[in-house]
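[1] my questions concern the predicted model and sequence given below.
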Amino acid sequence: MKISIIYHSETGNVKKMAEIISKACLSIENTEVELMTVERINTKFLQESKVVFFGSPTYCGNCSWQIKKYLDYHPKELSGKLGAVFISQNQLGGGGASFAAISIISELLVCGMLVYSSGIAEGNPILHFGAISQKAPAENSLDYNRCIKLGERVTLKAFDIFK
């Protein structure tokens with residue numbers, strides 16, 4: 001199963017999250033992952049992907065304009081795929097990450113994507129809207145574990161859906 005991870009990162013925090021999620025996805029057999037910045041999309045790989053993760057920092061409680069612009073102009077490329085979201089914020093509980101996640105989720109739904117996070121159903125760590133981290137996740141931290149679990153859970157759900 002091909003999985004695209006598209007992200008925008010100014011400081012490297014979101015890039016680090018993308019790398020952790022990629023590692024988690026690759027821990028599931030028969031998975032191929034490509035990391036892509038929103039500025040450099042591998043269109044062929046994206047078209048063949050069943051899953052697309054989107055990652056962004058928060059800006060005033062919203063996602064980056066680069067992610068928003070991409071989603072506004074490429075809905076047909078995403079229709080029918082499974083989507084998931086990860087967000088980095090600078091302040092603990094104060095960067096508006098949940099709002100940023102919801103803004104991307106609403107775009108994914110408008111694009112015709114299925115959206116999955118596992119919510120509270122899979123237990124801890126709870127991923128309400130996706131993985132959220134304060135800055136770059138430190139190894140073995142709660143934020144790191146959120147990224148790992150998001151990657152694993154979304155990948156397993158994709159195998160359930162796209163048998």
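    Yep, it's here.
[2] which residues of the protein score low on pLDDT?
    92-94 (pLDDT under 70).
[3] quick one, strands of it?
    In the chain, the segments counted as strands under DSSP state E are 2-7, 32-37, 51-57, 82-89, 114-115, 131-134.
[4] adding mean neighbour count and distance to R153, write those out as TSV.
    The C-beta positions use only the backbone N, C-alpha and C, and glycine is treated the same way. Output for the strands of the chain, formatted as TSV (neighbours: other C-beta atoms under 10 Å; distance: least, C-beta to C-beta, whole Å):
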stretch	mean neighbour count	distance to R153
strand 2-7	24	13
strand 32-37	17	15
strand 51-57	27	11
strand 82-89	27	9
strand 114-115	18	13
strand 131-134	24	10
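[5] flag every buried residue along stretch 70-85.
    Neighbour counts over stretch 70-85 (16 or more other C-beta atoms under 10 Å) mark Y70, L71, L78, K81, L82, G83, A84, V85 as buried.
[6] same thing with stretch 118-136?
    Neighbour-count burial for stretch 118-136, counted by 16+ other C-beta under 10 Å, picks out S118, P125, L127, F129, G130, A131, I132, S133, Q134, K135, A136.
[7] closest to I161 out of the strands of the chain?
    strand 82-89 (6.2 Å; C-beta to C-beta).
[8] so what strands line up beside that closest one?
    With DSSP bridges as the test, strand 82-89 is paired with strand 51-57 (parallel), strand 114-115 (parallel), strand 131-134 (parallel).
[9] hmm, who's touching the last one?
    Put plainly, it is strand 131-134. Residues outside strand 131-134 that contact it (C-beta atoms under 8 Å, 6 or more residues apart in numbering) are 13, 17, 21, 85-92, 95, 97-98, 101, 143-144, 146-147, 149-150.
[10] how far off centre is it?
    Relative to its parent chain, strand 131-134 has a centroid offset of 11 Å by C-alpha atoms, centre = their mean, to the nearest Å.
[11] now do the shortest one
    Distance, stretch centre to chain centre, for strand 114-115: 11 Å (C-alpha atoms, centre = their mean).
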